[in-house]
Structure formats: C-alpha cells, structure tokens
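[1] Sequence and predicted structure, then a few things I'm wondering about:
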Amino acid sequence: MRHRPVLGASVLAGALALAGCGAGDSPADLSVGTAYMPQPVSATMAAGFLTITNDGGTGDELTSVTSDAGEVTVHETVDGAMRQVDRLPIPAHGELALESGGNHLMFEKLKRQPKQGQTLSVELHFADSDPVTVEMPVKPATYRPGGGSAHSGHTGN
C-alpha cells in the first residue's frame, strides 16, 4: 500500500509534463516561396525578396543569409527608412514577407551582375530551424509577383 501514493504522484507528474507539450508547442515548420531578385541596375548591389511561411506552432527568426553571389544582409523598412537588422521574426502559424518597399535582402559586393533568366542560390539561417537553401530566379527589373506561391524550399522540422 505504501508504494501506491508514490506511483500515483509519478503518474500525475508525468501527465502534467506531457500536458505542457500540446499542439501549440509544435516546432516551427518553415517553407519558402515567391523568391526572386529583380535584375539589378548596379553591378555590385541588388535586392532580394521572398516569403517564409511557418505552419508550426512555435515562432522562429531569420538570423542571416549567405550566398556565393556576394554578401547578403537582412534589412527592415520602417516609415520609409531602411536599416540592417540581425534578425526578423517569423510568427507561429504566420509568415515573414520580404517584399519591395518593405523588409528585404540586400546583396552587396556582388561577384558578378546577375542577369534576367539566371538564378542565385541563397541559404537562409534561422535561430532554431535548420538552414534552407533557396534558388532565387533573376526577374525583370520591374517584376512584381502576382498571387500563387511556388515553394522553393522546406525544412523537415
């Protein structure tokens, strides 16, 4: 009889621990779509745009981007002013849109000027999720995506 209260307390503690692992705590589930770079007019600088969708129950953050094409930094735009940031949040069950006139990627010190029809490979790095490699097509300088989302990458998290 003496062991039953201990066993009952252990079962209760285990049940409470599992209760904290509900669906709302599922890891980030990231995918990337609508990635593109407008053909740059500068030989050394360009912008890049994409959308990161998080179907998971936990937020994450875009912390950096790397590319063989040159240096890539993450920028946010607030009240028309652009500034480099160390990270941008990707909310749970939400998205981070990097788009013209808003938050975006800035390519600097390009090793070659990308031309329309070519693609650049970029690797997105996150605070908690595995990196995602994305093929970014070079579009006309005036290109704006219209609806639909062709996914370019997905993590298995």
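    On my side now, so go ahead. Numbers count the residues shown, from 1 in each chain.

[2] pretty sure H75 is touching M82, no?
    Yes: assessed by CB atoms under 8 Å, H75 is found in contact with M82 at 5.1 Å. (Glycine included, C-beta is placed from N, CA and C.)

[3] From the chain's centroid, how far away is stretch 117-133?
    8 Å (CA atoms, centre = their mean, to the nearest Å).

[4] Spatially nearest residue to the residue nearest to the spatial centre of the chain, not counting backbone neighbours?
    Centroid-nearest residue in the chain: I52, 4.3 Å away (criterion: CA atoms, centre = their mean). Ranked by CB to CB, 6 or more residues apart in numbering and with sequence neighbours excluded, the top spatial neighbour of I52 is L96, at 4.6 Å.

[5] Might you report the residue contacts of that neighbour?
    51-52, 54, 62, 88-90, 103 (CB atoms under 8 Å, 6 or more residues apart in numbering).

[6] Need the max-distance pair from those.
    N54 and N103 (15.1 Å; CB to CB).

[7] circling back: for the residue nearest to the centre of the chain, what are its contacts?
    Counted by CB under 8 Å, 6+ apart, I52 has contacts 30-32, 62, 90, 95-96, 98, 124.
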